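S.K.: okay, structure incoming, though there's no sequence with it:
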């Protein structure tokens, strides 16, 4: 059974700081890994999708990497802004996707 | 293009009642998945439908059921509501082709409160 762990559970940083969110998983037989952000009471917004054959994806200030051999993915956020404050979740596979519990990020002005 | 549409956005029901939630996927997407999100349990997978057939199922009691129509729209039904069913219900759509290589697009969710 796939288990997904996101560390840290919460993170507070000053504006402008670069930061890394971690996602680890137990089963490397995945089809893809997707990073989402969720604002309070809202749905999930897709940030980046990494196919199993890929190592990383980039979008603007965001960069996500995938290392299946070690069961890890990282989401790198450059020059953080208060608008980045949200909960970030990683999800593995599709169909019966498995989600981590998320990292709640607060970026202080 | 239009995103994933979930209706209604909010619902208040009484214990013992039943409820039906609706999800319209992105045009061309044939897979619809449903999730329950609560503060204590996080995001939990309910079921996935693809081309009108349930393709995957999570570990929820039989009170939770769903279906998908020929236009890919999906409905989720919860019968005999319990207080613990209060949650944000999210649906996600994808093209759903073989290999499961597509990512998901989520709707804004339906907030169900059972009183």
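M.R.: That came through, no problem. Everything numeric here is computed off the predicted structure, so don't read it as measured data.

S.K.: who in chain B is up against chain A?
M.R.: B:4, B:6, B:31, B:33, B:35, B:42-43, B:45, B:48, B:55-56, B:58, B:88, B:90, B:92, B:94, B:96, B:99-109, B:111 (Cβ under 8 Å from any Cβ of the partner chain). For glycine as for every other residue, the C-beta is placed from the backbone atoms N, C-alpha and C.

S.K.: now, the residues you listed that are in strands?
M.R.: B:6, B:31, B:33, B:35, B:42-43, B:45, B:48, B:55-56, B:88, B:90, B:92, B:94, B:105-106, B:111 (DSSP state E).

S.K.: return the residues in contact with the closest residue to residue B:6 other than its chain neighbours.
M.R.: Nearest non-adjacent residue to residue B:6, counting by Cβ to Cβ, 6 or more residues apart in numbering or on different chains: residue B:107, 3.8 Å away. For residue B:107, the contacting residues are A:43, B:3, B:4, B:5, B:6, B:23, B:90, B:91, B:92, B:93, by Cβ atoms under 8 Å, 6 or more residues apart in numbering or on different chains.

S.K.: just residue A:96 next, same as before
M.R.: Applying Cβ under 8 Å, 6+ apart, the residues contacting residue A:96 are B:45, B:48, B:56, B:58.

S.K.: before we move on, what about residue A:22?
M.R.: Here residue A:22 is in contact with A:6, A:7, A:8, A:72, A:73, A:74, A:103 (Cβ under 8 Å, 6+ apart).

S.K.: how many neighbours does the third one have?
M.R.: Burial measure for residue A:8: 11 neighbouring residues, criterion other Cβ atoms under 10 Å in any protein chain shown.

S.K.: test my guess that it contacts residue A:103.
M.R.: Yes - taking contacts as Cβ atoms under 8 Å, residue A:8 lies within contact range of residue A:103: 6.0 Å.

S.K.: packing partners for the helix or strand bottoming out on mean pLDDT in chain A?
M.R.: None of the helices or strands of chain A scores lower by mean pLDDT, DSSP states H and E than strand A:98-99, at a mean of 88. If you count contacts as 3 or more Cβ pairs under 8 Å, 6 or more residues apart in numbering or on different chains; DSSP states H and E, strand A:98-99 packs onto strand A:86-92, strand B:42-50.
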